[in-house]
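Chemist: just the structure for this:
(one chain, ligands or ions: 1)
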Amino acid sequence: MAIFLTGVTGYIGSYVAHGLLTQHDDQLAVLVRAKTPDEAKQRLWKSLQLHMNFDEFAQYLHRFDIYLGDLTTPDLGLSADARKRLVESTESVLHIAASLNRKSAKTCFNVNLRGTLSILKIARDANDHHGLRRFSDVSTVAVSGVRHGDCVAHEDMIDWDRSDYDPYARTKKFCEHMVHELLPDVPITVFRPSTVLGDSRFPETTQFGMVQAFAALAYMRILPLDPEWRFDICSANYVGRAIVHVHQADKPKYGDYNLSSGRDSLTYRQIVDSVKAAGHKPMVRFVPALRGTFENAIELGMKIPRKYGINPAASLMKVFWPYLSNDTVFDNSHVVEELGEAPTPFSEYAHPLLQFAVGNKFKYPYRAWPSDAEARLAKFAAKVA
Ligand SMILES: NC(=O)c1ccc[n+]([C@@H]2O[C@H](COP(=O)([O-])OP(=O)(O)OC[C@H]3O[C@@H](n4cnc5c(N)ncnc54)[C@H](OP(=O)(O)O)[C@@H]3O)[C@@H](O)[C@H]2O)c1
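Modeler: The predicted model follows:
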């Protein structure tokens, strides 16, 4: 039997896979967008190399049952035999894959809604066949809709009368709904990470979207933000650890977990002071009165042809600004109680993350698939046999 895991080639999926591989013995049935098993292995190595070297990867490879597929293809693009094998071997589902493309309603609709529906059909078939231990849905705090100056309690996260920030938030909200409606007999856990930024243990990251927005703010001399506004950030290692811990627990205490910093979230003043104290040179002045002007400048920047280089920065800000300026945090009491520990404050790792991201031009220096990979993989495969 296996945990059916989606999104393993993504940032959070890599943390979850690493946690499951190193702390548990389960097989992992993974859905990977690739044309061949070899390409899928290479995509797994690319994702997992943030956490391990190639020989460790080779040791763990036998724990993966790879399914080549795509959330947007009917039945995930699996053959009837592959789908049957997946259904019959799935002991629980951990659905992480999603489109985070906040600008495309079409992509969010297809990947998040149609894709989640296909995953739910597999889960229902597995439940009918032999029973499903758990279905975990990795959602987002963005499902709580447009807010300002709030600390949102778990029971208030879904409010159908509230507007959504974007198609991403809207579709993820409906995914939560579908999971509850379509799996009434299965134990369900919903995880809602807040803004996931970096790792509190090391500077490297493979995900740069929000990091770029953070870096842009760090280099602006005038910040159109109120210094007392809070921004709810959680590290990827805390998020990954929480998902693995709760998904594998016999009886998790709660049905939903905001993976967030909650009331301990830092204010912008605290974040700026922490990077300054760690050596970040540019001086920043907060001028909240310029918020409207800044928002107009973003709109204007979006209209400038891409060749002038302003449009990408404006687009980035357009996407993330509503999240950066909502002064809203998300109660994390469930996860803190379950893990016995709160996330590390962003101030403790913001500067190394910023230095890594800027120093590497917002690209992770991926190591290539080794030329002697086949021999090294064969060596470990022989050991396992
Ligand atoms: N990162 C954050 O700050 C954050 C915050 C809150 C919630 N979340 C949630 O956490 C989850 C993971 O996010 P992430 O940050 O790890 O995103 P990510 O790095 O973009 O990873 C997304 C994953 O989904 C997979 N995927 C996308 N479209 C697919 C498709 N059509 N078929 C199959 N797989 C597909 C991707 O596969 P490919 O590698 O093939 O593209 C990748 O493995 C999402 O559900 C997201 O909503 C993230």
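Chemist: list the helices and strands the helix or strand that contains V319 packs on?
Modeler: Element membership for V319 (DSSP states H and E) is helix 311-324. When contacts are defined as 3 or more CB pairs under 8 Å, 6 or more residues apart in numbering; DSSP states H and E, helix 311-324 sits against helix 209-218, helix 291-303. No exception for glycine: its C-beta is placed from N, CA and C like everyone else's.
Chemist: could you dump that helix to CSV, C-alpha only?
Modeler: C-alpha atoms of helix 311-324 as CSV (Å, rounded to 0.1, in the frame of the first residue of the first chain):
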residue,chain,number,x,y,z
ASN,A,311,6.1,45.4,-16.7
PRO,A,312,7.4,42.2,-15.0
ALA,A,313,8.1,44.0,-11.7
ALA,A,314,4.6,45.6,-11.9
SER,A,315,3.0,42.3,-12.6
LEU,A,316,4.7,40.7,-9.7
MET,A,317,3.5,43.4,-7.4
LYS,A,318,0.0,43.4,-8.8
VAL,A,319,-0.2,39.7,-7.9
PHE,A,320,1.2,39.8,-4.4
TRP,A,321,0.3,43.4,-3.3
PRO,A,322,-3.2,42.4,-2.0
TYR,A,323,-1.5,39.8,0.2
LEU,A,324,1.3,42.1,1.3
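Chemist: deepest in the core, which of the helices and strands packed on helix 311-324 is it.
Modeler: helix 209-218 (a mean of 18; mean count of other CB atoms under 10 Å).
Chemist: the helix or strand just after the helix holding V319 near the ligand at all?
Modeler: Next in sequence after helix 311-324, counting helices and strands by DSSP H and E, comes strand 329-330. No: remark: strand 329-330 sits outside contact range of the ligand, by CB under 6 Å from any ligand atom, the gap being at least 10.4 Å.
Chemist: now do stretch 281-298, average pLDDT.
Modeler: Average pLDDT, stretch 281-298: 90.
Chemist: what about the residue lying closest to G240 once chain neighbours are set aside, how many residues nearby?
Modeler: Of all residues not flanking G240 in the chain, Y15 sits nearest, at 2.7 Å (CB to CB, 6 or more residues apart in numbering). Close neighbours of Y15, defined as other CB atoms under 10 Å, add up to 27.
Chemist: burial measure for D250, as a count.
Modeler: D250 has 6 neighbouring residues, counting by other CB under 10 Å.
Chemist: er, P288 actually
Modeler: P288: 15 neighbours (other CB under 10 Å).
Chemist: got a list of what it touches?
Modeler: Residues in contact with P288 (CB atoms under 8 Å, 6 or more residues apart in numbering) are P224, L225, D226, P227.
Chemist: reformat those residues into TSV and put neighbour count and distance to the ligand next to each item.
Modeler: Converted to TSV, the contacts of P288 look like this (neighbours: other CB atoms under 10 Å; distance: CB to the nearest ligand atom, whole Å):
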residue	neighbour count	distance to the ligand
P224	19	23
L225	25	19
D226	18	23
P227	17	23
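Chemist: residue of this structure closest to the ligand, please.
Modeler: G10 (2.0 Å; CB to the nearest ligand atom).
Chemist: count of neighbours near that residue?
Modeler: 19.
Chemist: kindly report the same for the one 3 residues further on.
Modeler: The number of residues packed near G13 is 22, by other CB under 10 Å.
Chemist: and for the one 3 residues further on?
Modeler: The burial count assigned to V16 is 28, neighbours taken as other CB under 10 Å.
Chemist: from the contact counts, what lies against whichever strand or helix holds it?
Modeler: Assigned by DSSP H and E, V16 belongs to helix 11-23. The contact analysis (3+ CB pairs under 8 Å, 6+ apart) places helix 11-23 against strand 2-6, strand 27-32, helix 37-48, helix 236-248.
Chemist: circling back: does the helix holding V319 reach the ligand?
Modeler: No: Helix 311-324 does not reach the ligand (CB under 6 Å from any ligand atom); its nearest approach is 9.4 Å.
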